[in-house]
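> Here is a sequence together with a model predicted from it:
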Amino acid sequence: MADPETPQKPAGSPRFALIAVVLAGLLILAAGALLAFAYRDDPKGAAGTLLASAIGGPFELVDQNGRKFTEANLKGKWHLLFFGFTHCPDTCPTTLNEVTLALDRLAGKRDEVGIVFISLDHERDTPEVLKSYVASFDAPIAALSGSADQVAQAAKAYRAYFAKRPRPDGSYDMDHSALIYVMDKSGRFTATFTPDSGAEAMAQRLRKLLS
């Protein structure tokens, strides 16, 4: 029997919870890298495999113009889908820039691929903020936001990790996975890129998928 005078360590230590969240994020990133490697030479990517049905699903958000955007909007053309937030200091703007450059390299097939940026920061990233943010990129980007529940549903559908991380100054950052999901014309998951893939490597892979 425990001594009533001895303080007991809480079962749900915040430190251990944080470690668990970080490890989960690392596992997701590692899985994404393995997926990109496994299907990089297959012209059909993951299409037609069990994996294709495990990633993606129903969601409902709004774009930077206030229009509803759901998984149905992904049908009809290829899309590169990426989760992030506008206060992201490096990964998000760099990734969006590389994706834009990759599409520029597709020449005549450029219009066959759309870009979707889903904000994980529902508190700060309003449609107005997102509209201003994506205007700095030379590409038509659908920038999506929504309520906390709506954003969580979209992230869950794509197995995307994210967590709010408070800063000493009272503000906060968003930790998140940084995979780029390639969705085919039927709105099905097909392949992934990472922020380190680079514009030329993305363009080469997309040419195979679009052929």
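Noted; the coordinates are in hand.

> any residues touching stretch 115-134, and which ones?
Residues outside stretch 115-134 that contact it (CB atoms under 8 Å, 6 or more residues apart in numbering) are 61-66, 69, 74, 79-87, 92, 96, 99-100, 103, 139-148, 150-151, 154-155, 160, 162, 174, 176. The C-beta positions use only the backbone N, C-alpha and C, and glycine is treated the same way.

> Give me the buried entries from those residues.
61-64, 69, 74, 79-87, 92, 96, 99-100, 103, 139, 141-146, 150-151, 154-155, 160, 162, 174, 176 (16 or more other CB atoms under 10 Å).

> Sticking with T94, tell me its helix or strand.
Under the criterion of DSSP states H and E, T94 resides in helix 91-104.

> Quickly find the element holding the residue positioned nearest the centre of the chain.
Computing the C-alpha centroid of the chain and ranking residues by CA atoms, centre = their mean puts F83 first, at 2.7 Å. Taking DSSP H and E as the definition, F83 sits inside strand 78-84.

> Give the other helices and strands that that strand contacts.
helix 91-104, strand 113-119, strand 172-176, strand 180-183, helix 199-210 (3 or more CB pairs under 8 Å, 6 or more residues apart in numbering; DSSP states H and E).

> try 7 Å this time
Identification of packing neighbours for strand 78-84 by 3 or more CB pairs under 7 Å, 6 or more residues apart in numbering; DSSP states H and E yields helix 91-104, strand 113-119, strand 180-183.

> and that strand, C-alpha only, in CSV?
Extracted C-alpha coordinates of strand 78-84, given in CSV (Å, rounded to 0.1, in the frame of the first residue of the first chain):
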residue,chain,number,x,y,z
TRP,A,78,-4.7,15.6,-60.6
HIS,A,79,-3.9,17.4,-57.3
LEU,A,80,-0.9,17.9,-55.0
LEU,A,81,-2.3,18.2,-51.5
PHE,A,82,-0.2,19.6,-48.6
PHE,A,83,-1.0,20.4,-44.9
GLY,A,84,0.6,23.4,-43.2
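
> I'm done for today, thanks for sticking with me.
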